[in-house]
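Novice: Sequence first, predicted model second:
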Amino acid sequence: MHTNPKFPALELKNLSFSWPGQAPLLQIPQLTLQQGQHLFVYGPSGSGKTTLLNLLCGIYPNQQGEIWVNGVQASALTARKRDALRASAIGVVFQQLNLIPYLTVLQNVLLISAFGGPKADVGQRAGELLNRLGLPEAFWQKKATELSVGQQQRVAIARALLNKPALLIADEPTSALDHKHRDAFMQLMLTEAGHDGTTVIFVSHDPTLKRHFHLQLDMEQLAQGVQPC
Ligand SMILES: Nc1ncnc2c1ncn2[C@@H]1O[C@H](COP(=O)(O)OP(=O)(O)OP(=O)(O)O)[C@@H](O)[C@H]1O
């Protein structure tokens, strides 16, 4: 795994972000997430959750303050190096899932290994992950579009965890599910992340999901520098 046990999985220091011509959207004095911790972040629509996650995973360049991932100051890296860090140390599951429709289930999961992570036994790990997530071999050659939304979400989780990332970042991947499937999905995702000690930060506007997490904060608490505990 790409974790370094000496460092927190995620650390933010005086982070601030504004969209052009707008008041600051995010101002986070300090946030520290230790390795293996699972944090739920609640915020209403428009409070900046997606913007925050895009900053954390290096898709948006940082404007002010510092973002540390697994002991590396991500906010000091070039865009190319942030991409490399994301590929090796961060798994991402967004609302849109971003599966490639014309690729099979297995190809979608394995795609991520082309960008980073250990190459050995990657096929075996993909199979193990898919099996544990309730997608046995009969599904592996199906196109992503032939699956239900719930099945596609499990493929997206397998892809995000393939490289055993230090940090899993999830942006409401459950929004299309009913309550029963949502709960089952949350359990699966967190159990799988727990297998490898992956740290999780999960954002949602649905406060009922917080019961799945041992740590919870809302966007206002983040802005006040409240630490997860
Ligand atoms: N590319 C952009 N350019 C300018 N403003 C943006 C951009 N993306 C988001 N915003 C603004 O930033 C604010 C926060 O948006 P963001 O998507 O981060 O919120 P959110 O909490 O994830 O909302 P939701 O729960 O609805 O997904 C909104 O006011 C939005 O209009």
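Specialist: Now that the structure is in, tell me what you want to look at.

Novice: Touching, residue 227 and residue 31? I think so.
Specialist: Yes - applying C-beta atoms under 8 Å, one finds residue 227 in contact with residue 31, separated by 7.1 Å. In short, each C-beta sits where N, CA and C put it, glycine included.

Novice: Look at these two and report which has more neighbours.
Specialist: The residue with more neighbours, out of residue 227 and residue 31, is residue 31; 24 against 12, by other C-beta atoms under 10 Å.

Novice: tell me the contacts of the more buried one?
Specialist: Going by C-beta atoms under 8 Å, 6 or more residues apart in numbering, residue 31 touches 10, 11, 12, 15, 222, 225, 227, 228.

Novice: How much space separates the fifth one from the ligand?
Specialist: Pointing back at residue 222 there. In this view, residue 222 and the ligand are 12 Å apart by C-beta to the nearest ligand atom, to the nearest Å.

Novice: For the strand or helix carrying that residue, which helices and strands make contact with it?
Specialist: When elements are assigned from DSSP states H and E, residue 222 belongs to helix 219-224. With contacts defined as 3 or more C-beta pairs under 8 Å, 6 or more residues apart in numbering; DSSP states H and E, helix 219-224 has these neighbours: strand 26-33, strand 38-42.

Novice: what's the closest of the ones you listed to the ligand?
Specialist: strand 26-33 (8.5 Å; C-beta to the nearest ligand atom).

Novice: Sticking with the spatially most central residue of the chain, tell me its helix or strand.
Specialist: The centroid of the chain falls nearest to residue 169 when counting by C-alpha atoms, centre = their mean (1.6 Å). Under DSSP H and E, the secondary-structure element containing residue 169 is strand 167-171.

Novice: and whichever helix or strand comes after that strand with strand 167-171, angle?
Specialist: Going down the chain from strand 167-171, the next helix or strand is helix 179-195, by DSSP H and E. Going by axes from the mean of the first three to the mean of the last three C-alpha atoms, to 10 degrees, helix 179-195 is angled at 160 degrees with respect to strand 167-171.

Novice: So which other helices or strands are in contact with helix 179-195?
Specialist: With contacts defined as 3+ C-beta pairs under 8 Å, 6+ apart, helix 179-195 has these neighbours: strand 38-42, helix 122-132, helix 149-161, strand 167-171, strand 199-204.

Novice: can you redo the ones you listed as a markdown table with distance to the ligand and mean pLDDT?
Specialist: Converted to a markdown table, these look like this (distance: least, C-beta to the nearest ligand atom, whole Å; pLDDT from 0 to 100):
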| stretch | distance to the ligand | mean pLDDT |
| --- | --- | --- |
| strand 38-42 | 10 | 97 |
| helix 122-132 | 27 | 91 |
| helix 149-161 | 17 | 90 |
| strand 167-171 | 7 | 94 |
| strand 199-204 | 7 | 96 |
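
Novice: Distance to residue 93 added to those, as JSON lines?
Specialist: Shown next, in JSON lines, are the helices and strands packed on helix 179-195 (distance: least, C-beta to C-beta, whole Å):
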{"stretch": "strand 38-42", "distance to residue 93": "14"}
{"stretch": "helix 122-132", "distance to residue 93": "13"}
{"stretch": "helix 149-161", "distance to residue 93": "5"}
{"stretch": "strand 167-171", "distance to residue 93": "5"}
{"stretch": "strand 199-204", "distance to residue 93": "9"}
